[in-house]
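Asker: no sequence on hand, only this structure:
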């Protein structure tokens, strides 16, 4: 089939091409010595109608100006907010609100006594290239396929891990598949900076991408990512999701419906390219969490893919049948928790509390089948809405129920659905209002993967905005995207390739081993967290122990600078949602 013409705006295609060709680079992250003297803002830019806020060190002056980038031409003047302390960064700062700046252009913020801010853009397509790159990062992290220059630019590489000769580990053995049985389990995405594939983490990741499409189909239908499947009549975000879904289906035991927890080497590979990593691969132990995450994702996929079933040879029905089989296995095996075998030393994703997984899987099956028995099994009054993470997925049930609330049967408690979503969003908005940095991040949020924490907070705020249109929810969600793009205590964009100062040395094997100076673009790195679990393994030192500044831009730092598929998913969701949902600027 002849590929369809590109539907991506030409300059967005050009930006992605520049990133993949190595001709567009961000500057290194700022050193700790000058972090406290920076104006911190979203270095990528803003939509004309979006909230625009910068964090400014506490200075004597009371005013700021916005100038055209690289000039003294003033386009806006404003007053700084009152000084306030932000404990996670051990700083006192002031906010500059320049939301009234709506004219397209490239600008900088200026405050007397400080260096000018990094340049930023205002435009109607502010986040389209970022969103496309965040999805394209999944293509660049595919397992089992070569990445040709036509699609990957300078990040082209040979195929690794075909996974057509995978052994059943003794922990996963059954009568039908004894230990040592060979199965084929190709495709999928490498999970993070390593080369293994994990069902639990694939669960929340794949769902979040499907949710992005379910909520904003028109936005994604107009996107061309230049991946091998582009132009096949299926939106590229779904083409990319299918690469992982097809792998996930191979992880289900056809004899009983159970799902293997992970496909892995026995130990992590060194910093080598995929084709150089040649350890024997295994599928390891079935687990309740894996079965339920699998069931939830497949139920979601069954409804999202249904309009494309003619092109996908019945994938929708296949996914729903797989979901039901995994659900039945979990009903019979409700407490099979993953336990790392002694000879396996890769990521665990262990979870001994699966009540949230049961609730989520039941909700997705209820929505996709209309069977009230699944809603009853969800135990809705007991299921809380909290910030999503791979080990806490209850809020995903409420996201889906809210999205489909008009089509639900009378069994669903509409009041409870609204209360769960609005209650979580309202609590986050209150934190945002009271924050000296104007963000939803508090000290306890600076955990492993803190960059994804703030984006998952934004994703839930966006559910509240979609539910009731409260503009403060959209503004608070915007602050999370601003945070990962530079409005943070280290003044750095945590997205590779985006922003004038961005993460340069992610803990990501291809980025380290490919011989290309620039990191693979479009990846969100983990971000600051004070645990510093890798400091004994790193030749470089963390610049600070303060929670919001405990980040090390070095490939050794798996605790603060690794990439992960579940972290990129809310970057995709939030950047696309804000691009799609932000109202235009009021006419003057």
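Answerer: Looks like it arrived, so ask away. All values reported here derive from a predicted model rather than from experimental measurement. Residues are numbered from 1 along each chain as shown.
Asker: does residue 277 really touch residue 271, like I thought?
Answerer: No. Shown here, residue 277 and residue 271 do not form a contact pair, counting by Cβ atoms under 8 Å, at 10.1 Å. C-beta: built from backbone N, CA, C; applies to glycine.
Asker: what do the two both touch?
Answerer: Contact with both residue 277 and residue 271 is made by residues residue 509, according to Cβ atoms under 8 Å, 6 or more residues apart in numbering.
Asker: neighbour count: the two, which is higher?
Answerer: residue 277 (19 against 16; other Cβ atoms under 10 Å).
Asker: so the more buried one versus residue 93, what's the distance?
Answerer: 45 Å (Cβ to Cβ, to the nearest Å).
Asker: can you check residue 479 too?
Answerer: Distance, residue 479 to residue 93, by Cβ to Cβ: 14 Å.
Asker: which residues touch the longest helix belonging to the chain?
Answerer: In the chain, taking DSSP state H as the definition, the longest helix is helix 414-434. Helix 414-434 has contacts (Cβ under 8 Å, 6+ apart) with 380-381, 384-387, 395, 398-399, 401-402, 405, 408, 438-440, 442, 457, 460-461, 463-465, 467-468, 470, 472-473, 475-476, 479.
Asker: how about the strands in the chain?
Answerer: Applying DSSP state E to the chain gives strands spanning 45-46, 53-57, 63-68, 74-79, 84-86, 91-97, 105-110, 120-122, 166-168, 182-183, 197-198, 260-264, 282-286.
Asker: now those as JSON lines including mean neighbour count and distance to residue 133?
Answerer: Listed next are those as JSON lines, based on neighbours: other Cβ atoms under 10 Å; distance: least, Cβ to Cβ, whole Å:
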{"stretch": "strand 45-46", "mean neighbour count": "26", "distance to residue 133": "14"}
{"stretch": "strand 53-57", "mean neighbour count": "24", "distance to residue 133": "24"}
{"stretch": "strand 63-68", "mean neighbour count": "19", "distance to residue 133": "26"}
{"stretch": "strand 74-79", "mean neighbour count": "14", "distance to residue 133": "28"}
{"stretch": "strand 84-86", "mean neighbour count": "16", "distance to residue 133": "30"}
{"stretch": "strand 91-97", "mean neighbour count": "19", "distance to residue 133": "28"}
{"stretch": "strand 105-110", "mean neighbour count": "20", "distance to residue 133": "19"}
{"stretch": "strand 120-122", "mean neighbour count": "22", "distance to residue 133": "15"}
{"stretch": "strand 166-168", "mean neighbour count": "20", "distance to residue 133": "31"}
{"stretch": "strand 182-183", "mean neighbour count": "14", "distance to residue 133": "34"}
{"stretch": "strand 197-198", "mean neighbour count": "28", "distance to residue 133": "22"}
{"stretch": "strand 260-264", "mean neighbour count": "28", "distance to residue 133": "27"}
{"stretch": "strand 282-286", "mean neighbour count": "25", "distance to residue 133": "32"}
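Asker: for residue 488, which of those is the nearest?
Answerer: strand 53-57 (8.4 Å; Cβ to Cβ).
Asker: need the residues that contact that closest one.
Answerer: The contact list for strand 53-57, computed with Cβ under 8 Å, 6+ apart, reads 36-41, 64, 80, 91, 93-99, 109, 111, 114, 117, 437-438, 479, 482, 487.
Asker: residues contacting the nearest residue to residue 445 once chain neighbours are set aside?
Answerer: Leaving aside its sequence neighbours, residue 445 sits nearest to residue 453 (Cβ to Cβ, 6 or more residues apart in numbering; 5.0 Å). For residue 453, the contacting residues are 387, 389, 441, 445, 447, by Cβ under 8 Å, 6+ apart.
Asker: narrow these to just the buried residues.
Answerer: Neighbour-count burial within these applies to 387, 389, 441, 445, 447; the criterion is 16 or more other Cβ atoms under 10 Å.
Asker: give the contact list for the fourth one.
Answerer: Taking Cβ under 8 Å, 6+ apart as the definition of contact, the neighbours of residue 445 are 453, 454, 457.
Asker: burial measure for the last one, as a count.
Answerer: A count of nearby residues for residue 457, using other Cβ under 10 Å, gives 29.
Asker: I'd say residue 171 and residue 287 touch.
Answerer: No. If you go by Cβ under 8 Å, residue 171 and residue 287 don't touch, sitting 10.0 Å apart.
Asker: more neighbours: which of those two?
Answerer: When neighbours are counted by other Cβ under 10 Å, residue 171 and residue 287 differ, and residue 287 comes out ahead with 29 against 21.
Asker: how close does that one sit to residue 66?
Answerer: Distance from residue 287 to residue 66, counting by Cβ to Cβ: 53 Å.
Asker: do the same with residue 540
Answerer: Going from residue 540 to residue 66 by Cβ to Cβ gives 36 Å.
Asker: same thing with residue 422?
Answerer: Taken as Cβ to Cβ, the span from residue 422 to residue 66 is 35 Å.
Asker: contacting residues around residue 446?
Answerer: Counted by Cβ under 8 Å, 6+ apart, residue 446 has contacts 88, 527, 528, 529, 530, 547, 548, 550.
Asker: burial of residue 175, as a residue count?
Answerer: 7.
Asker: what pLDDT is listed against it?
Answerer: In this model, residue 175 is scored at 96, pLDDT.
Asker: what of residue 57?
Answerer: Residue 57 is given a pLDDT of 97.
Asker: show me the contacts for the residue nearest to residue 293 when sequence neighbours are not counted.
Answerer: Counting by Cβ to Cβ, 6+ apart, residue 293 lies nearest to residue 203, which is 2.9 Å off, once chain neighbours are set aside. The neighbours of residue 203, taking Cβ under 8 Å, 6+ apart as the test, are 290, 293, 294, 296, 297, 390, 393.
Asker: and the two most separated of those?
Answerer: With distances taken as Cβ to Cβ, the most widely separated pair in those is 294 and 390, at 13.3 Å.
Asker: hang on, the earlier thing: which one of the contacts of residue 203 sits closest to residue 577?
Answerer: Once Cβ to Cβ is applied, the member of the contacts of residue 203 that ends up nearest residue 577 is residue 393, at 19.1 Å.
Asker: the closest one and residue 244, how far apart?
Answerer: From residue 393 over to residue 244 the distance is 17 Å, taken as Cβ to Cβ.
Asker: please identify which of the two sits among more neighbours.
Answerer: A count of neighbours by other Cβ under 10 Å puts residue 393 above the other of residue 393 and residue 244, at 27 against 22.
Asker: and the pLDDT at that one?
Answerer: Residue 393 carries a pLDDT score of 98 in this model.
Asker: so it touches residue 357, yeah?
Answerer: Yes. The pair residue 393 and residue 357 passes the contact test of Cβ under 8 Å, sitting 6.0 Å apart.
Asker: residue 95 is in contact with residue 78, correct?
Answerer: No. Residue 78 is not in contact with residue 95 according to Cβ under 8 Å; the separation is 10.2 Å.
Asker: between the contacts of residue 453, which is closest to residue 506?
Answerer: residue 447 (18.3 Å).
Asker: ok, now which ones touch the residue lying closest to residue 59 once chain neighbours are set aside?
Answerer: Among residues not flanking residue 59 along the chain, residue 113 sits closest, at 5.3 Å (Cβ to Cβ, 6+ apart). When contacts are counted by Cβ under 8 Å, 6+ apart, residue 113 touches 59, 60, 61.
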